[in-house]
Each structure stands twice: as C-alpha cells, then as structure tokens.
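Asker: show me how the following folds:
(one chain, ligands or ions: 1)
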Amino acid sequence: MAAKKRKGMRKAGEAPGPIAPPAMQTAEMPALLLAWYDRHGRVLPWRILPGATRGGHSTQERPDPYRVWLSEVMLQQTTVATVKGYFERFLARWPGIQDLAAAALDDVLHAWAGLGYYARARNLHRCAQIVARDFGGVFPESEAALLRLPGIGAYTAAAIAAIAFDARATILDGNVERVIARLYRVETPLPKAKPRLRALAEKLTPAARPGDYAQAIMDLGATICTPRKPACPLCPWRAACQAAQAGVSESLPRRLPKAARPIRHGYAYLMTDKAGAVFLQRRPERGLLGGMMEVPSTEWRIKPWSMKEAAAAAPARAEWRALAGEVRHVFTHFELRLKLLVGQPARLPRAMIAVAPDRLSEQALPSVMHKVLRLGFAG
Ligand code: SF4
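Answerer: Modelled structure (predicted):
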C-alpha cells in the first residue's frame, strides 16, 4: 500500500519551499543561541569591558560606542585576525573619538596602510570630526542617525545600534546570511535572496539582549556555521536547521557565478634623485586609494601599454630603464598589473615630493605601492 503523503511533503522534482517554520519554535531560538554565546563567544579586544567577567559578554554593561564603531569599520572587508593589531594600535594612539577627530588625516591614512579600502580611513576621520563637532563626541543611538554619518552603511549602523546601545537592530553580514540561508534552507542564490534572508533574520532578532544576540549570531557564523565543513553537532540551532537535516548545509547559501575580474595594465615610474630619494605624489582625494601617496604611474587601462608609449607619457624626462617582472594587485573590481620604469629626472616634477628610502615607511602608501617599491629596489 502506498505510504500516506505526510503534510508538507514535497513531490519529487518540486522546488524547496515555501519555507516552513522550523521544528524548534522561533521564540526558543534566541535564548539557545545566547546561552551558547555566554559559554563560547569569542573574546575580542573591542568586546573587553572594564569589570566584565566573561570576556566582555556582560549583559549589564555595554561596550564603548567608539570601540564598536572603530572595530566595525575596520572589519568591513577585513578579517578579525588582521583587524586585532590595527584596532589596538589605533586605540593606543587615539583613545577617544576627540583624539581621532583632532588627528591629521595623513597620520590616520598612514596608520591604516595595509588594511586596504582607504575610503574607509578617510570616512573614519570625517565621521570622528562630525561626531566630535556636532554631537559633542557622543555617538547618536538610532540606526537612522548613524546611517547619516560618513562610512556607516546599513550593516554598520545596525551593528553599532545593537552592540553599543542594545537596540533591537538586525545585522546581516556574510556570516549571518550563511546561517539564515542554512537554517531555513533558502535555495535562492545571493544577492537575490537578500530581502528574504533579512526578513527571516529580523523575525528571529529578540527584544531581550539584542546586542549580545547580534554578536552571538556573528560568532556562530564565524566559528560553527563556517562556509565549509560546518560543525553542526556543536550548533545550538541544530534541531531547527533545515539544511543540516537535509544534509545540504555546505551547498548554501547559493551564489550566482561571479563575472571574471577584468585586468588593467599600467607602468609605474620609479624616479629617484642623485641621493636616491624616491619621488612620490598624492592621489586625488576622491576615487580609488584617494588621498594616499603613490609612485606615479600611467593610467590603469584594459589595453596593455608598450614601453615606448609609457616613456612618452612619463611625468618627467629621463633615461628610462624597464625592470623585469611586474606587480600584480587585486582590487575589488579589477586586477592591476604594473610594469616599472626606472629613471633619474633632472629635477623634481611639480606636486611631487622626494622621500629618502629610510623615510618611506612614514608615508601613507597603500599595499600596491609597497609592492612597486619592493620590485623597484630589488631591480
Ligand atoms: S546546524 Fe549546521 S548548518 Fe545549521 S545553522 Fe547550525 S552549523 Fe549551520
């Protein structure tokens, strides 16, 4: 006799969904996650509180908004392991928002060098100045007010509101998207699935301890519900998780295939004077690597440059010598390949500065320019 069809069972070939409520009641889930977080939450420098007894997971005290904001801006596009050192150095140098607001932009860019995405550093500085000047050095508490500050997008505003002010704000970063997509077995690929994931994440966000909950779900994604080989047996939400029950966790979230990153080409001009000082210039304030120092270069374009073309486009006259090898650097939207021309112009071109090799470390040079200098000095 054919087995009686269970309620909600899909026919073969049917697409999964609509999403059914998990076996565990949604209302129970935040408490389970918070209990896990109280035992296993990560101890991170920006979570440590004076007087906190559990690595900063205190429910009584809230972290300093300045520390939360600084860490969240640094964590955009950067790993926790990399951010830790930068966070501690920033805090030692600029312990409060007023200190950062009073700093020279160049010092901030220099301290940021190596973290990449330098628009973040410029916005960080502008944001500090606005909070210091317009808000008396106190961060606004609402997501809407935070969103109006430079460099604070939807994710960062929600993270600050939740973590620093314990507001019931829903954060949705890559970690949280992964957890939610698996929990509810959302098969729609990203980025199309985002609104659905947000709605599900919002529904789960509790009114009690929303700040700890935000950090808990981030930690779950970072340490248990990892992109590969999630540790489902250790997960507090195992009983509710539809992907784990179907054995498809690792395949979620789905993503549309990424378009190949285009390659752009250029020549950098490593110019020195007779004493060996290197000629640098500042990039325009707006745009990629805005306000950072650089070794001058041609336009970075799709069509490769010939050496003759590059020599003709140089910012100064010199006997140019091409170096073997090239610098490769990956930006978000393209990969850059830079060849090098070395020369000694008769004089320093306008708007450039000559920097002795032992003083180069004092300049706000992005990683790609460190690569250029390394290749230049090796050649
Ligand atoms: S049970 Fe596994 S797949 Fe599901 S949320 Fe937990 S770690 Fe992620």
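
Asker: show me which residues of this structure sit near the ligand.
Answerer: The chain comes close to the ligand at residues 179, 182-183, 224-225, 230, 232, 235, 237-238, 241, 243-244, 249, as judged by CB under 6 Å from any ligand atom. Glycine gets a C-beta too; all of them are placed from N, C-alpha and C.

Asker: can you give me phi and psi for residue 339?
Answerer: Main-chain torsions, residue 339, degrees, to the nearest 10: phi -100, psi 170.

Asker: I should have written residue 343 there, sorry.
Answerer: phi -160, psi 170.

Asker: list the contacts of it.
Answerer: Shown in contact with residue 343 (CB atoms under 8 Å, 6 or more residues apart in numbering): 269-271, 314, 316, 318-321.

Asker: now do it against residue 299, distance only.
Answerer: 19 Å (CB to CB, to the nearest Å).

Asker: same deal with residue 62?
Answerer: For residue 62, the distance to residue 299 - CB to CB - is 49 Å.

Asker: next one: residue 320
Answerer: Distance from residue 320 to residue 299, by CB to CB: 17 Å.

Asker: who has more neighbours out of those two?
Answerer: residue 320 (22 against 11; other CB atoms under 10 Å).

Asker: returning to what we had before: make JSON lines from the contacts of residue 343 and add pLDDT to it.
Answerer: Below are the contacts of residue 343 laid out as JSON lines (pLDDT from 0 to 100):
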{"residue": "269", "pLDDT": "98"}
{"residue": "270", "pLDDT": "97"}
{"residue": "271", "pLDDT": "97"}
{"residue": "314", "pLDDT": "96"}
{"residue": "316", "pLDDT": "95"}
{"residue": "318", "pLDDT": "95"}
{"residue": "319", "pLDDT": "96"}
{"residue": "320", "pLDDT": "96"}
{"residue": "321", "pLDDT": "96"}
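
Asker: now, these that are in helices?
Answerer: Nothing among the contacts of residue 343 maps onto helices, per DSSP state H.

Asker: buried subset of those?
Answerer: Listed as buried from the contacts of residue 343 are 269-271, 314, 316, 318, 320; burial here means 16 or more other CB atoms under 10 Å.

Asker: specify which member of these is nearest to the ligand.
Answerer: residue 270 (49.5 Å; CB to the nearest ligand atom).

Asker: which residues does the closest residue to that closest one other than its chain neighbours contact?
Answerer: Leaving aside its sequence neighbours, residue 270 sits nearest to residue 376 (CB to CB, 6 or more residues apart in numbering; 4.0 Å). For residue 376, the contact set (CB under 8 Å, 6+ apart) comprises 268, 270, 278, 295, 323, 340, 342.

Asker: got a winner among these for most neighbours?
Answerer: residue 268 (27 neighbours).

Asker: and the closest residue to that one other than its chain neighbours, how many neighbours?
Answerer: Spatially, and ignoring its direct neighbours in sequence, residue 268 is nearest to residue 297 (4.1 Å; CB to CB, 6+ apart). For residue 297, the count of nearby residues is 25 (other CB under 10 Å).

Asker: ok, residue 297 touching residue 269?
Answerer: Yes. Contact status for residue 297 versus residue 269: in contact at 6.6 Å, counting by CB atoms under 8 Å.

Asker: can you tell me the SS state at residue 265?
Answerer: strand (DSSP: H, G, I helix; E, B strand; the rest coil).

Asker: any chance you could map the strands in the protein?
Answerer: 263-271, 278-282, 293-294, 321-322, 327-330, 335-343, 352-355 (DSSP state E).

Asker: coming back round to it: closest to residue 126 among the contacts of residue 343?
Answerer: Nearest to residue 126 among the contacts of residue 343: residue 269, at 31.3 Å, using CB to CB.

Asker: deepest-packed of the strands of the chain, please.
Answerer: Most buried of the strands of the chain by mean neighbour count (mean count of other CB atoms under 10 Å) is strand 263-271; its value is a mean of 22.

Asker: flag the shaky bits of the chain, pLDDT-wise.
Answerer: 1-25, 48-61 (pLDDT under 70).

Asker: so where's the longest helix in it?
Answerer: helix 119-134.

Asker: and it, what does it pack onto?
Answerer: helix 65-75, helix 97-102, helix 105-112 (3 or more CB pairs under 8 Å, 6 or more residues apart in numbering; DSSP states H and E).

Asker: and the longest one, how far out from the chain's middle?
Answerer: Centroid displacement of helix 65-75 relative to its chain, using CA atoms, centre = their mean, to the nearest Å, is 11 Å.

Asker: same thing with the last one?
Answerer: On the basis of CA atoms, centre = their mean, helix 105-112 sits 18 Å off its chain's mean C-alpha point.

Asker: since that was my last question, I'll sign off now.
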